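1. have a look; sequence and predicted model below, questions after that.
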Amino acid sequence: MMQLNAQQQQQLDELIALLRIPSISADSNYKESVAEAAQWVADALTKAGCDHCEIIPTAGHPIVYAEKIIAPNLPTVLVYGHYDVQPPDPLDLWDSPPFEPVIKTTPIHPDGAIFARGACDDKGQFFMHVKALEQMIASNSLPCNVKVMIEGEEEVGSDHLEDFVRANTEKLKADVILISDTGIGSMEAPAITTGLRGLSYMEVTVTGPNRDLHSGLYGGTVANPINVLCKMIAELQDDNGKITIPGFYDEVVTYTLEERKAIEQAPIDDEAFKNALDIAALEGEKGFSTLERKSIRPTLDVNGIWGGYTGEGAKTVIASKAHAKISMRLVPNQQWEAMSQLFKQHFEAIAPKGVRVEVTTHHGGKPYVTPIDNHAYQAAHKAYEESFGKAPVALRDGGSIPIVPMFEEVLGCKTILMGFGLNSDAIHSPNEHYGLANYFKGIETIPLFYKHYCALDKKV
């Protein structure tokens, strides 16, 4: 277990206090806890030394905004994060209560990791910025202006963030945006995320008879919505792992052999990948590596499926309805609205006559790519190299942060994704955790970004 000095112990204790707050944005029963977390974050930013801090109501959960303005002529960094967390269900799969943080060692985290919902996504990661800012202000080493925006609805699609950003472009005006809500590859071979996939999130309902039916009296005479739904979902991909929706790949970027080789510079061990997930084989689109499948290729996955009787024992019914939630991860040039419409048209077209189909689009977001010749990215590269003692590689990530392309469209500045999490940190899953070494390395690295960014800014 890592030996902590007094400052590190304080930084850890404060994170533990934040993690104890069950700020679950998706569940209205936790509205007061979400508000409590917003107040906690505002108090922490004030304590860190921000000159101005406010909690801004929205039609949903509040946004916390703070700033430290050194001088109008200096560059401004806008830090974004979110204090809301995913629901912890299923609770019986947690080794310890999700909102009672515990420190444990693991083979991947021999120095210890903090286990709690939100530890990595995103409380532990955004709080690194608060602690780094506090250190820079206290030591009078902050070289530029800082604005901080921490929202409470990221895990439910950031429904009200865009309205706030569009209404406050002057307040949020900045030269670069910093986000820590991604991964680092590994502590031994660090990486900086330079690309995110887009997202289209759909829900489908297949309706057959006007009520649940006795499967003995009606079986074999009517379409079973659950059977039909399973067959329709299976038809969405072929045996080579390609998505069968007409027009789906029309705008997908084709990479040269040289570009694909550059992507493979980010190391991934297929055997370790399988072992970490306790699976015997990897699957995906034929002709692409594991890293390419999880970064530069689009995907389609069922996120939930239900219908009929699922209680204890037996109930022999043919359900009237069957439902599924389906997400598509998108790559550059694929527009989520267009992909959602293509999905809807295709899913309705392949439905047999014996059922009715309803397709709902929940939310989505565009893909995003950070150019590595941008001087803010170069500053991050120098910061990681100085902190880790090894130059980081550029890594395309498979996840989605829909607000990132929106920031560039509305605020006109690039986003640098300075993540410190690991793929094994179980975000969105039971036993989510965040390595202590990762947490403290982030607090160490972030001030180095400011140093190099402002030095490079003077040269530009």
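-> Received, thanks.
2. and the helices in the stretch 201-350 of the chain?
-> For the stretch 201-350 of the chain, helices defined by DSSP state H, counting those that start in this stretch occupy the ranges 215-218, 225-234, 257-263, 270-277, 290-293, 336-349.
3. tell me the buried residues in the second one?
-> Put plainly, it is helix 225-234. Pro225, Ile226, Val228, Leu229, Cys230, Met232, Ile233 (16 or more other C-beta atoms under 10 Å). The way it works is simple: take the backbone N, C-alpha and C, and place the C-beta from them, glycine included.
4. got it, and the third one?
-> Of the residues in helix 257-263, Ile263 count as buried by neighbour count, 16+ other C-beta under 10 Å.
5. who's in contact with it?
-> The contact list for helix 257-263 (C-beta atoms under 8 Å, 6 or more residues apart in numbering) reads Tyr255, Leu291, Glu292, Ser295, Ile296, Ala394, Arg396.
6. what's the answer for the last one, then?
-> Helix 336-349 is touched from outside by 198-200, 202, 204, 232, 236, 244-248, 326, 328, 330, 357, 359, 361, 364-366, with contacts defined as C-beta under 8 Å, 6+ apart.
7. just checking, which of those belong to strands?
-> 198-200, 202, 204, 326, 328, 330, 357, 359, 361, 364-365 (DSSP state E).
8. for this structure, longest helix please?
-> helix 436-459 (DSSP state H).
9. what's the helix or strand harbouring Tyr65 packed up against?
-> When elements are assigned from DSSP states H and E, Tyr65 belongs to strand 63-68. Counting contacts by 3 or more C-beta pairs under 8 Å, 6 or more residues apart in numbering; DSSP states H and E, strand 63-68 packs against helix 31-48, strand 52-56, strand 145-151.
10. just these: most buried one?
-> A comparison of the helices and strands packed on strand 63-68 by mean neighbour count, using mean count of other C-beta atoms under 10 Å, puts strand 145-151 on top with a mean of 25.
11. follow-up on the earlier one: in the longest helix of the chain, what counts as buried?
-> In helix 436-459, counting by 16+ other C-beta under 10 Å, buried: 436-454, 457.
12. assign Ile114 to helix, strand or coil.
-> Following DSSP: H, G, I helix; E, B strand; the rest coil, Ile114 is assigned to strand.
13. what sits against it?
-> Counted by C-beta under 8 Å, 6+ apart, Ile114 has contacts Leu12, Leu15, Ile16, Leu19, Pro101, Val102, Ile103, Gly124, His433, Tyr434, Leu436, Tyr439.
14. farthest pair in these?
-> Spatial extent of these (C-beta to C-beta) is set by the pair Val102 and Tyr439 at 14.8 Å.
15. on that earlier part again, out of the helices and strands packed on strand 63-68, which is closest to Ala322?
-> helix 31-48 (31.8 Å).
16. now do that closest one: distance to the chain's middle.
-> 21 Å (C-alpha atoms, centre = their mean, to the nearest Å).
17. what's next to it, contact-wise?
-> In contact with helix 31-48 (C-beta under 8 Å, 6+ apart) are residues 14, 17-18, 21-25, 53-55, 61-64, 66, 83-84, 127, 130-131, 133-134, 137, 148, 150, 152.
18. buried subset of these, written for ChimeraX?
-> Of the contacts of helix 31-48, the buried ones can be selected in ChimeraX as follows, counting by 16+ other C-beta under 10 Å:
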select :14,18,21,22,23,24,25,53,61,62,63,64,66,83,84,127,130,131,133,134,137,148,150,152
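19. can you get me a residue count around Glu408?
-> Glu408 has 16 neighbours, counted by other C-beta atoms under 10 Å.
20. now name the helix or strand holding the closest residue to Val176 other than its chain neighbours.
-> Closest residue to Val176 apart from its sequence neighbours, by C-beta to C-beta, 6 or more residues apart in numbering: Ala376 at 4.3 Å. Per DSSP H and E: Ala376 is located in helix 375-388.
21. give me the next element, helix or strand, following that helix.
-> strand 393-396.
22. report the buried residues of whichever helix or strand comes after that following strand.
-> For strand 393-396, the succeeding helix or strand toward the C-terminus, using DSSP H and E, is helix 403-411. Neighbour counts over helix 403-411 (16+ other C-beta under 10 Å) mark Ile403, Val404, Pro405, Met406, Phe407, Glu408, Leu411 as buried.
23. tell me how far the helix holding Ala376 is from the chain's mean position?
-> 22 Å.
24. by contact count, what packs against that helix?
-> strand 191-196, strand 415-417, helix 436-459.
25. now with 10 Å?
-> Here helix 375-388 touches strand 176-179, strand 191-196, strand 393-396, strand 415-417, helix 436-459, going by 3 or more C-beta pairs under 10 Å, 6 or more residues apart in numbering; DSSP states H and E.
26. how much space between the nearest residue to Glu251 once chain neighbours are set aside and Ile245?
-> Spatial nearest neighbour of Glu251, excluding adjacent residues (C-beta to C-beta, 6+ apart): Asn333 at 4.1 Å. Plainly put, Asn333 is 16 Å away from Ile245 if you go by C-beta to C-beta, to the nearest Å.
27. neighbour count: these two, which is higher?
-> Neighbours were counted for Asn333 and for Ile245 using other C-beta under 10 Å; Ile245 has more, 21 against 12.
28. residues in contact with that one?
-> Listed by C-beta atoms under 10 Å, 6 or more residues apart in numbering, the contact set of Ile245 reads 235-237, 300, 328, 339, 342-347, 349-350.
29. can I get those residues in CSV with neighbour count?
-> Below are the contacts of Ile245 laid out as CSV (neighbours: other C-beta atoms under 10 Å):
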residue, neighbour count
Glu235, 13
Leu236, 19
Gln237, 16
Leu300, 21
Met328, 25
Met339, 25
Leu342, 19
Phe343, 22
Lys344, 18
Gln345, 14
His346, 20
Phe347, 21
Ala349, 10
Ile350, 15
